[in-house]
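Q: quick one, fold the following:
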Amino acid sequence: MNPQQKKQEIVVVEGQCSHPPTCPLSHVPEGCTVCIKELTTTPEVSSRLREMGFGEEKHIRLVSHAASIICQVCNARLGISKQLAEQIMVQPLTGTQKKHC
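A: Have a look, this model is predicted:
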């Protein structure tokens, strides 16, 4: 990969991605609550993610960046791969926007 093709690192400042307004779930710090804005996966995978609770406008909390990404979705913890988390575009929420299921 040449220097011009390097992936831009997303920085979260005061609960918001600094640029752009959304970022991949895999770039969000642990403990951050986010709102899912877009699924950029195949239609089949997007449908399955929605069935699991990872639908657009759903609020989830990133619990851990271990071998997989662990998220709190309502009252359940679900693990997904980092590759899949790259395709879930989210917007971190500020303290007043955080909601629980």
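Q: contacts only, for the residue most central in space within the chain.
A: Central residue of the chain (CA atoms, centre = their mean): residue 25, 2.3 Å from the mean position. Counting by CB atoms under 8 Å, 6 or more residues apart in numbering, residue 25 makes contact with 34, 36, 62, 69, 71, 85, 86, 88, 89, 90. (Glycine included, C-beta is placed from N, CA and C.)
Q: contacting residues around the first one?
A: Neighbour list for residue 34: 25, 28, 59, 60, 61, 62, 90, 91, 92, 93 [criterion: CB under 8 Å, 6+ apart].
Q: now, these that are in strands?
A: If you go by DSSP state E, these have 59, 60, 61, 62, 90, 91, 92 in strands.
Q: strands of the chain, start to end?
A: Going by DSSP E, the chain shows strands at 12-13, 16-17, 23-24, 33-39, 59-65, 69-73, 76-80, 88-92.
Q: average pLDDT for the fifth one?
A: Regarding strand 59-65, the rounded mean pLDDT is 94.
Q: and that strand, how far from the chain's centre?
A: 8 Å (CA atoms, centre = their mean, to the nearest Å).
Q: ok, the fourth one next?
A: The chain centre lies 6 Å from the centre of strand 33-39; the measure is CA atoms, centre = their mean.
Q: just use 21 as the starting number from now, easier for me
A: OK, 21 is where the count begins now, so the last one is strand 53-59.
Q: most surrounded residue in the ones in strands among the contacts of residue 54?
A: residue 110 (26 neighbours; other CB atoms under 10 Å).
Q: distance check, the closest residue in space to that residue that isn't next to it in sequence against residue 89.
A: Excluding the flanking residues, the one nearest residue 110 by CB to CB, 6 or more residues apart in numbering is residue 54, at 3.9 Å. Applying CB to CB, to the nearest Å, the value for residue 54 to residue 89 is 12 Å.
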